[in-house]
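**Student:** Sharing a model prediction with you, sequence too.
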Amino acid sequence: MFWSAIGEKNEKVLECRDSIKHGCNQQNDSNLWPPQTRNQVLEYQKWAKPLAKNLLEVLLKGLNVNEIDESLEPLMMGTMAININYYPPCLNLSITIGARRHCDVSCITLLFQDDTGGLYVQGTKGDNWIQVNPIKGALAVNIGDSLKIMSNDRYKSIEHCVAVDSSRARISVPLFVNPSLDSVIGPFPQVLKDGEKLVYKHVLFSDYWDYFFCKRPSGKASLDFAKI
């Protein structure tokens, strides 16, 4: 799926981004991908999926969940998508942005970015933005809303945005690791066994997905859908 994010005429700041989405959920999904990117994305998916599973298992151990077995895999990595984002140079930086402030809906996101830079994450106190400078050969990994909800707020989803450059284009390739759409996301029982107070209720992931994408990105506002 291809789309351009250029914003609405009445908005003061416009997004400037072209994206191609590669859904990685069925064996025949790749038949729908552009032939120019198909082989490269398939190879990247093959390499990145085991890495994502290993990272998730490390994070889950902090929640007293030992491994991602066949019963847990649909919840933790039931669907995946790889986007190729192109941010063209924009001369008027006062009215353009690459991506508005938002958190990802995913469990985790693996991000490959070129050397242009432009990714910013919000500081832990919520009053500053920190630039994430690209490191050659490295991936940026961030936690999404789904894992935040499953952890009952122990893990924090990362609010981030993308700035554009006036002279250089930017390319980024995020891989989103999501629950399956029919999964129910909510705090793990292992997290609550010591009487920890529930922060989030259990919700159908497809409902959370629809709520997340039915409006403009706005920081962490989508989490209100799952809060008690």
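**Tutor:** Nice, thanks for sending it over.
**Student:** from here on, contacts and neighbour counts on C-alpha atoms
**Tutor:** Noted.
**Student:** Spatially central residue for this protein, please.
**Tutor:** Asp104 (3.5 Å; C-alpha atoms, centre = their mean).
**Student:** residues near the residue nearest to it when sequence neighbours are not counted, how many?
**Tutor:** Using C-alpha to C-alpha, 6 or more residues apart in numbering and skipping residues adjacent in sequence, the residue nearest Asp104 is Gly144, 4.8 Å away. By the criterion of other C-alpha atoms under 10 Å, Gly144 has 23 neighbours.
**Student:** now do Gly78
**Tutor:** Count around Gly78 with other C-alpha under 10 Å applied: 17.
**Student:** I'd say it and Asp182 touch.
**Tutor:** No - the pair Gly78 and Asp182 fails to qualify as a contact (C-alpha atoms under 8 Å) at a distance of 9.3 Å.
**Student:** pLDDT-wise, which helix or strand of the protein ranks last?
**Tutor:** In the chain, no helix or strand scores lower on mean pLDDT, DSSP states H and E than strand 2-5, which sits at a mean of 54.
**Student:** Now do stretch 204-214, average pLDDT.
**Tutor:** The pLDDT scores in stretch 204-214 average 94.
**Student:** buried set for it?
**Tutor:** The neighbour-count check on stretch 204-214 (16 or more other C-alpha atoms under 10 Å) flags Leu204, Phe205, Ser206, Tyr208, Phe212 as buried.
**Student:** now do stretch 175-186
**Tutor:** Buried residues in stretch 175-186, defined by neighbour count with 16+ other C-alpha under 10 Å: Leu175, Phe176, Val177, Asn178, Pro179, Ser180, Leu181, Ser183, Val184, Ile185, Gly186.
**Student:** thinking again about what came up before, next one: the residue nearest to the centre of the chain, what pLDDT does it get?
**Tutor:** 96.
**Student:** and it, what does it touch?
**Tutor:** Contacts here follow C-alpha atoms under 8 Å, 6 or more residues apart in numbering; on that basis Asp104 touches Ile143, Gly144, Asp145, Ser157, Ile158, Glu159.
**Student:** So which of the residues you listed sit within helices?
**Tutor:** Secondary structure from DSSP state H places Asp145 of these in helices.
**Student:** hey, where'd the helices end up in this structure?
**Tutor:** For the chain, the helices defined by DSSP H occupy 38-61, 73-77, 145-150, 189-192, 205-213.
**Student:** Identify, out of those, the most deeply packed stretch.
**Tutor:** helix 145-150 (a mean of 26; mean count of other C-alpha atoms under 10 Å).
**Student:** Show me what that helix is packed up against.
**Tutor:** With contacts taken as 3 or more C-alpha pairs under 8 Å, 6 or more residues apart in numbering; DSSP states H and E, helix 145-150 sits against strand 184-185.
**Student:** strands paired with the strand it packs on, and their directions?
**Tutor:** strand 203-204 (antiparallel) (DSSP bridges).
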